[in-house]
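Participant: Need a 3D model of the sequence below.
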Amino acid sequence: MPPVAIIAVYFGRLPSYFDLWLTSCRFNPGFDWLVFTDCDWRAFDIPANVHMHALTLDEFRRVAADALGIPVRFGSPYKVCDFRPAYWMLLPLAGRPYAYWGHCDLDMIFGRLDRFICADILDGAEKIFSVGHLTLYRNCPEANFMFRRHHPELNWVEILSDERHRGFDEHIGVNRIWCYHGGRTYVDETIIADLDPHVRRLEFVNALRNRRQQLFYFDQGKVLCGVYSGGRWSTSEYMYVHFQKRAMARRSCDPYASRFAIASDGFGGLAAVPPGKDLIREYNPARLADLSKELPHRVRRLIRSVRGKIA
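Facilitator: Below you'll find the model as predicted:
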């Protein structure tokens, strides 16, 4: 594997489960994480492959303005996500060379990345994956500056100079530029456990992948979804689980745990695998009141999922 740096930029207060995020990084020694933040991380046990860098929002603004040669303003810290296709500008602050770089979120837990990202995939594309929570780029001029190329409906200077968040880092932004210019990309979202933020229980955004009795959990570096069906327990492994826009609490989960369940509202202890059905009902219940309230969204989600399968 060539050296890969995955960059996270975060301003504010680190999430309460940051130790679990770090643990999931620790199980991936072949990858480096560069975290740029204005938060105090001294209380955390930082793995050797996670490199913390102090950076304020104003310092980020100055770095971006100098690197891109445009005026940069922020209506909110969330605006920094628009700059993800240009996060290569932060690599000199790391002080070490990387053949590939990328960006990620903190509202996620990584599985074993080397089971899904191999040298053949990296060699065959300049852009790997298509979502803001994890995308990798080859560290070369063609990939680093693709976002600056012409598109009839997207002007990178206008978008990045706008203080409003514009979603430039993925489908409605830079992905369209790559497609327009025929850039070499690798996309496979089936290896991601991307969870629907609009329903209470933990379910895939793709409605066709969900089962009634399912539980997401982390086990010694692996992200798994376990399912009870027909009296049998089966599991599927994923590159990572993304639980966007959820208030995730600490339930009965030990700090830096190497095995834990991912509940609909936080993280819980997991003493044994496979877990019993009682644990699924506790951590990821299907409540009738929730299902009734979420019905319109669920119908729309199912229609989108079926159309996507047909397409």
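
Participant: low pLDDT regions in the stretch 151-300 of the chain?
Facilitator: Within the stretch 151-300 of the chain, no range satisfies pLDDT under 70.

Participant: residue ranges of the strands in the stretch 151-300 of the chain, please?
Facilitator: Using DSSP state E, counting those that start in this stretch, the strands of the stretch 151-300 of the chain run over 185-186, 192-194, 214-219, 222-229, 232-238, 240-242, 249-250, 259-263, 266-269.

Participant: and the second one, which strands flank it?
Facilitator: Strand 192-194 has the following sheet partners, assigned by DSSP bridges: strand 240-242 (parallel).

Participant: And the first one, by the same measure?
Facilitator: Based on DSSP bridges, the pairing partners of strand 185-186 within the sheet are strand 127-131 (parallel).

Participant: residue furthest from the geometric center of this protein?
Facilitator: residue 231 (32.8 Å; Cα atoms, centre = their mean).

Participant: winner for burial among the strands of the stretch 151-300 of the chain?
Facilitator: strand 259-263 (a mean of 25; mean count of other Cβ atoms under 10 Å). Backbone N, C-alpha and C define where each C-beta goes, glycine included.

Participant: Need the residues that contact that strand.
Facilitator: Here strand 259-263 makes contact (Cβ atoms under 8 Å, 6 or more residues apart in numbering) with 20, 109, 202, 215-220, 241, 243, 251, 253-254, 267-270, 273, 275, 279, 282-284.

Participant: Backbone dihedrals for the residue farthest from the centre of the chain, both of them.
Facilitator: phi 80, psi 10 (degrees, to the nearest 10).

Participant: measure it to residue 278 for me?
Facilitator: Using Cβ to Cβ, to the nearest Å, one gets 16 Å for the distance from residue 231 to residue 278.

Participant: And residue 82, by the same measure?
Facilitator: In terms of Cβ to Cβ, residue 82 sits 45 Å off from residue 278.

Participant: Please apply the same query to residue 183.
Facilitator: Residue 183 is 49 Å from residue 278, where distance means Cβ to Cβ.

Participant: Can you check the pLDDT for the most centrally placed residue in the chain?
Facilitator: Compute the mean C-alpha point of the chain, and by Cα atoms, centre = their mean the closest residue is residue 133, 2.7 Å away. You'll see residue 133 listed with a pLDDT of 96.

Participant: residues making contact with stretch 145-154?
Facilitator: 85-86, 126-127, 156, 168, 173-174, 176-178, 180-181, 183.

Participant: nope, stretch 272-285 is what I was after
Facilitator: 201-202, 213-217, 219, 226, 228, 233, 235, 259, 261-264, 268, 270.

Participant: Could you do stretch 48-61 as well?
Facilitator: For stretch 48-61, contacts defined as Cβ under 8 Å, 6+ apart pick out 9, 11, 22, 25-26, 28-29, 31-38, 41, 46, 72-74, 77, 80, 93-94.
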